[in-house]
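K.L.:
Need coordinates for the below:
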Amino acid sequence: MKSFRNQAPRPKKNRLVVGRDAVIKALESGMALERIYLQSTVHGPVIDTVKQLAADRLVPINKVPVEKLNFFNVHNHEGCVAMIARVQYQDVQQIIDVVVDQGKVPLLLILDGITDVRNVGGIARSAYAMGVDAIVIPERGIAALNDDAVLTSAGALEHIPVCRVGSLVKLVEDLHLNGIKVFATEMKASENIASCDFTIPSAIVLGGEEKGIQPALLQVCDARCRIPMTGDFDSLNVSVSAGIVLYEVLKQRQAAS
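P.N.:
So this is what the prediction gives:
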């Protein structure tokens, strides 16, 4: 039998919504949910309703064996448990509109496939300190913004706007409609971050620890840039990279103001 005890700490029971009807009510009420865990063998009309509501609200569903649900140490879960989000997800367009109305130059940070919760927390900490207007994450393939993420971020995740979208490729298309240039950070890029103009409306994409930025997303970005390094070391930790790139943005914008 597969054990889940070493994969993640058990969430507190007050962070869980337990049972099919309870999860449906939470979804219908607009409660912010981080993700839903469905037992892989359950099916039927009620489960279909859970899936449809979750899809409409961009709440990820993880299909798991019953052992995962039993690990939560809750009773009568009926093969369905949801985790309440620690952050309130916001709408990207609304954030952009507010920033522009305030006379500011938008700065967004896009996280693609970053699965280490400590890296997400560290990135959020730097983003908040460096004036990022919002962090945008995909519906899937991202570390859960749980208690550990909030703790690692030193509380920044509770203060900086976070937006969750179904497709990062579609997001880039929407950003282009708003006049926002999208920069992809890539180790092998020819352009140095210091030569990029971050004083314009900008969004910066950071790729995952293992695979980097997905090819489809990389293809629609406007520019690719790298952090200059001496020696032949392969790459920096993504959280460290975020801090370096965002400091360059801050430096340029302060010099231009």
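
K.L.:
Are we agreed that Phe182 is in a helix?
P.N.:
For the record, residue 182 is Val, not Phe. No: read with DSSP: H, G, I helix; E, B strand; the rest coil, Val182 is strand and lies in no helix.

K.L.:
pretty sure it contacts Asp222?
P.N.:
Yes: taking C-beta atoms under 8 Å as the definition, Val182 is a contact partner of Asp222 at 5.1 Å. Every residue, glycine included, has its C-beta placed from N, CA and C.

K.L.:
Who has more neighbours out of the two?
P.N.:
Val182 (22 against 14; other C-beta atoms under 10 Å).

K.L.:
List the contacts of the more buried one.
P.N.:
Ile110, Val172, Leu175, His176, Ser202, Ala203, Ile204, Val205, Val220, Cys221, Asp222, Ala223 (C-beta atoms under 8 Å, 6 or more residues apart in numbering).

K.L.:
Among those, which ones are in strands?
P.N.:
Among these, the members falling in strands (DSSP state E) are Ile110, Ser202, Ala203, Ile204, Val205, Ala223.

K.L.:
Secondary structure element holding the spatially most central residue of the chain?
P.N.:
Centroid check for the chain by C-alpha atoms, centre = their mean gives Ile137 as the closest residue, at 2.8 Å. For Ile137, the host element (DSSP states H and E) is strand 134-138.

K.L.:
ok so, going back, what would the contacts of Val182 look like in JSON lines with distance to Arg35?
P.N.:
Formatted as JSON lines, the contacts of Val182 follow (distance: C-beta to C-beta, whole Å):
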{"residue": "Ile110", "distance to Arg35": "20"}
{"residue": "Val172", "distance to Arg35": "24"}
{"residue": "Leu175", "distance to Arg35": "25"}
{"residue": "His176", "distance to Arg35": "29"}
{"residue": "Ser202", "distance to Arg35": "30"}
{"residue": "Ala203", "distance to Arg35": "25"}
{"residue": "Ile204", "distance to Arg35": "25"}
{"residue": "Val205", "distance to Arg35": "23"}
{"residue": "Val220", "distance to Arg35": "26"}
{"residue": "Cys221", "distance to Arg35": "27"}
{"residue": "Asp222", "distance to Arg35": "31"}
{"residue": "Ala223", "distance to Arg35": "33"}
